[in-house]
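Participant: next come a sequence and a model predicted from it.
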Amino acid sequence: LNCQGQEGRGGGVRGATRRGGGAGPPPLSPRKMSGEDADTLQGIAAVFSLGHVLNDLCAAMWFTYMLVFFDKVAGLGGLCSGSLMLLGQLADGFVTPLVGIGCDQSAEKADKTKAGDDVRRRLPWHLAGSVMVVVSFPWLFYRGAQFTFGHETTTWAHGHGLRVLWFSIWVVVFQTGWATTQIAHMSLIPGLSMGSDARNCSLNASRYAATVLSTVAVYAAAWAFLGTGPTQGLSAAQEGSFLGLALGITGVGAAISGAFHVSMRAYTRTSGHLLANPDSPKSGRPVDTASVLRMWCASTRFWVIGALYMCTRIIINITQTFLALYVLNSLHAETTAIATVPLVLFVGSLLGTYVVSPVNDRLGPDFTYMLATLSIAAACLIFYHAPAHASIPAAAGAAAGPVNAPQWPVYAAAAVFGVFSSLLMVANTTMVAATIGDRPGSAVVYGLYSLVDKVSCGAIIMVVQSFKPEPARDAPPEEVLAVERSLAWYYRYCIGLLPCVVGVVALAGVAVARLVPNPPTWAEEPAAADAPGDATRLAASEPPSYGGV
């Protein structure tokens, strides 16, 4: 996970300045660094990676198992399960810009003479979001809405409506907390990196490594929990397994989140000299949020990188969301395969984190992104052509039987997808962070990008689930078999072809991003200015350069 140009023992800051930055807060001055300071910086990166573990654990269950749980275990069907996923994505998406604005406004009140104070002022937002996640997440895997509302329902429609209402409440609470935690955590990066590309890369790589480790842990635990139930299919009988898994990861995530807050506050108070730019001014005026938004919206690169961020999230999140349904409906694999196939995918992602830095350094984020996109498309085509593990019965009353088809292509495709998804994510986040640089409004930018990401993913999930083939209630066996055959191909299209189409758009976005310049940089005017608009000015900047990352 080490990034070339990283500040090392006894060395200066190599690759720490971003070329083409234009006017603005000066870059870090080269200085000798003791071995103790180098260890402290590594400790800060490690602690920073812990801040998103709770979100990562819950996100692994949300994207991989929430749709399966709503559809197969809670019995809500395709339309209701897709609607709940869309509701959650909308709540997440619309909360993120608001949290971004509030988080940036809190940081603007920081005492410039106290290094690390801006980081500490963002932490309460992170804490509030973490509490909401811990309180709400386990309730998403509890079906007993009819008992919670004080009576047991007697009709299917009444019980169905109460369950949808029950899940809707907790989905909104959970996604609001998740979005608050995510934006507060990502907005810490500029304050911790202090304009250093090396620290930026290290923080992003450490964060993604923690994400992969958390996800691997969830799938390993799911393998253990689901292995105790029926070997084929999912039903209400597996509710206890999902609820136990949700309670376990929430408890572990809460403990790690608490450790993050204690350790980060300690680091910012005792090692503030490492988070201070000695050449930067010690005081400044807060930047007006409306002016920040106008500055970003006027930048072509802001929109191009935002579209690229959206495509990246769609490729990864949509694949993760429909992978379990693909395994169950298209491959007709055993129940434990909805844990083992994603597990292999994210073990591949973990291995991919070890090659991120050398590949990123040799090719740069843009060519790394292109390589990763093409490789992921190849893996998705393997998913599309992979043979089923069991056959659909040819006639009513016949049992589905195993087929003599190799299962290794699916696991090989999952491993390839995992390795290159690491490269895709880190390359994309590096592009975003380099575009933001030292400019104001980092949390606002991340919030707006997350809004587009969540709404687009939620809309795609809703559309896919709305058109999912489903048999009518009390349908004859022949109709059920016909629907099962259609469903098998339906999810092959979703996981095999949809990411490829989005990948083509992403490749076009990378090509355009290489042609457009960074947004202008904000620089402080002399303190004599009194009008609010005089506190800042715009300065032209050169096209971005990712050298040294």
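Facilitator: Everything's here; your move. Numbering: from 1, shown residues only.
Participant: please make it C-alpha for all contacts and neighbour counts, starting now.
Facilitator: OK.
Participant: by contact count, what packs against the helix or strand hosting residue 216?
Facilitator: Here residue 216 is covered by helix 197-226, with elements defined by DSSP states H and E. For helix 197-226, the elements it packs on are helix 35-50, helix 53-61, helix 188-193, helix 239-270, helix 337-385, helix 408-436, judged by 3 or more Cα pairs under 8 Å, 6 or more residues apart in numbering; DSSP states H and E.
Participant: next, the buried residues of it.
Facilitator: 197-223, 225-226 (16 or more other Cα atoms under 10 Å).
Participant: repeat for stretch 439-446
Facilitator: 439, 440, 441, 442, 443, 444, 445, 446.
Participant: restricted to helices, list those.
Facilitator: Secondary structure from DSSP state H places 442, 443, 444, 445, 446 of the buried residues of stretch 439-446 in helices.
Participant: now do the phi/psi pair for residue 516.
Facilitator: Phi and psi for residue 516, reported as degrees, to the nearest 10, are phi -100, psi 150.
Participant: so how many other residues sit close to the residue lying closest to it once chain neighbours are set aside?
Facilitator: Using Cα to Cα, 6 or more residues apart in numbering and skipping residues adjacent in sequence, the residue nearest residue 516 is residue 301, 5.9 Å away. Here the count is done by other Cα atoms under 10 Å, and residue 301 has 23 residues near it.
Participant: so the helix or strand encompassing residue 301 versus helix 337-385, what angle?
Facilitator: Residue 301 belongs to helix 300-329 when assigned by DSSP H and E. For helix 300-329 against helix 337-385, the angle by axes from the mean of the first three to the mean of the last three Cα atoms, to 10 degrees is 110 degrees.
Participant: quick one: contacts of stretch 414-429?
Facilitator: 204-205, 208, 308-309, 312, 316, 341-342, 344-353, 356, 360, 365-366, 368-369, 372-373, 375-376, 379-380 (Cα atoms under 8 Å, 6 or more residues apart in numbering).
Participant: ignore what I typed, I meant stretch 237-254.
Facilitator: 53-55, 57-58, 61, 73, 130, 134, 137-138, 141-143, 218, 221-222, 225-226, 229.
Participant: pull out the buried positions in that stretch.
Facilitator: For stretch 237-254, by 16+ other Cα under 10 Å, it's 238, 239, 241, 242, 243, 245, 246, 247, 249, 250, 253, 254.
Participant: may I ask which two of those residues are separated the most?
Facilitator: 238 and 254 (24.7 Å; Cα to Cα).
Participant: any idea how far residue 99 is from the residue minimising distance to the centre of the chain?
Facilitator: The residue lying closest to the centre of the chain (Cα atoms, centre = their mean) is residue 313, at 7.1 Å. Taking Cα to Cα, to the nearest Å as the measure, residue 313 falls 20 Å from residue 99.
Participant: export only the CA atoms of the helix or strand where residue 123 lies, formatted as PDB.
Facilitator: Per DSSP H and E, residue 123 falls inside helix 117-136. Output of helix 117-136 as PDB, limited to C-alpha atoms (Å, rounded to 0.1, in the frame of the first residue of the first chain):
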ATOM      1  CA  ASP A 117      -8.500  21.600  14.500                       C
ATOM      2  CA  ASP A 118     -10.400  21.400  11.100                       C
ATOM      3  CA  VAL A 119     -10.100  17.600  11.300                       C
ATOM      4  CA  ARG A 120     -11.500  17.600  14.900                       C
ATOM      5  CA  ARG A 121     -14.400  19.800  14.000                       C
ATOM      6  CA  ARG A 122     -15.600  17.300  11.300                       C
ATOM      7  CA  LEU A 123     -15.500  14.300  13.700                       C
ATOM      8  CA  PRO A 124     -18.900  15.100  15.400                       C
ATOM      9  CA  TRP A 125     -20.600  14.600  12.100                       C
ATOM     10  CA  HIS A 126     -18.900  11.200  11.700                       C
ATOM     11  CA  LEU A 127     -20.000  10.200  15.300                       C
ATOM     12  CA  ALA A 128     -23.600  11.200  14.700                       C
ATOM     13  CA  GLY A 129     -23.800   9.200  11.500                       C
ATOM     14  CA  SER A 130     -22.200   6.200  13.200                       C
ATOM     15  CA  VAL A 131     -24.800   6.200  16.000                       C
ATOM     16  CA  MET A 132     -27.600   6.200  13.500                       C
ATOM     17  CA  VAL A 133     -26.100   3.300  11.600                       C
ATOM     18  CA  VAL A 134     -25.600   1.200  14.800                       C
ATOM     19  CA  VAL A 135     -29.200   1.900  16.000                       C
ATOM     20  CA  SER A 136     -30.900   1.200  12.700                       C
END
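Participant: got a list of contacts for it?
Facilitator: By Cα under 8 Å, 6+ apart, the list of residues contacting helix 117-136 from outside reads 54-55, 103-104, 106-111, 170-171, 173-182, 184-185, 187-188, 191-192, 250-251, 254, 257, 261, 265, 268.
Participant: now do the strands in the stretch 401-549 of the chain.
Facilitator: Along the stretch 401-549 of the chain, counting by DSSP state E, counting those that start in this stretch, strands occupy 521-524, 536-539.
Participant: flag whichever of those has the least confidence on average.
Facilitator: Mean pLDDT is lowest for strand 536-539 out of the strands of the stretch 401-549 of the chain, coming in at a mean of 40.
Participant: where does the stretch 51-200 of the chain have low pLDDT?
Facilitator: For the stretch 51-200 of the chain, the stretches with pLDDT under 70 are 110-116, 143-160, 193-200.
Participant: cutoff 90 now
Facilitator: Flagging of the stretch 51-200 of the chain using pLDDT under 90 yields the residue ranges 51, 60-86, 88-124, 140-168, 179, 182-200.
Participant: quick one, which of the ones in helices among the buried residues of stretch 439-446 has the minimum pLDDT?
Facilitator: residue 443 (68).
Participant: does residue 70 touch residue 85 like I think?
Facilitator: No: at 9.3 Å, residue 70 does not count as touching residue 85 under the criterion of Cα atoms under 8 Å.
Participant: give me the buried entries from the contacts of helix 117-136.
Facilitator: 54-55, 103-104, 106-108, 110, 170-171, 173-182, 184-185, 187-188, 191-192, 250, 254, 257, 261, 265, 268.
Participant: what mean pLDDT does stretch 319-338 have?
Facilitator: Mean pLDDT, computed over stretch 319-338, is 84.
Participant: for stretch 386-395, same thing?
Facilitator: Stretch 386-395 comes out at a mean pLDDT of 61.
Participant: with stretch 492-507 instead?
Facilitator: When pLDDT is averaged over stretch 492-507, the result is 91.
Participant: tell me which residues of that stretch are tucked away?
Facilitator: Under 16+ other Cα under 10 Å, the buried positions of stretch 492-507 are 492-500, 502-503, 506-507.
Participant: ok, residue 293 to residue 314 distance?
Facilitator: 25 Å.
Participant: what about the two, which has more around it?
Facilitator: The neighbour count for residue 293 versus residue 314, taken as other Cα under 10 Å, is higher for residue 314 (23 against 15).
Participant: thought that one was touching residue 458?
Facilitator: No: contact criterion Cα under 8 Å: residue 314 and residue 458 do not qualify, at 9.5 Å.
Participant: what residues are up against the residue nearest to the centre of the chain?
Facilitator: 453, 457 are the contacts of residue 313 under Cα under 8 Å, 6+ apart.
Participant: over to the one 5 residues further on?
Facilitator: When contacts are counted by Cα under 8 Å, 6+ apart, residue 318 is found next to 457, 461, 495, 499.
Participant: could you redo the residues you listed as JSON lines and give each row distance to residue 90?
Facilitator: What follows is the contacts of residue 318, written out as JSON lines (distance: Cα to Cα, whole Å):
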{"residue": "457", "distance to residue 90": "9"}
{"residue": "461", "distance to residue 90": "12"}
{"residue": "495", "distance to residue 90": "22"}
{"residue": "499", "distance to residue 90": "21"}
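Participant: closest one of the residues you listed to residue 410?
Facilitator: Of the contacts of residue 318, the one sitting nearest to residue 410 (Cα to Cα) turns out to be residue 495, at 11.9 Å.
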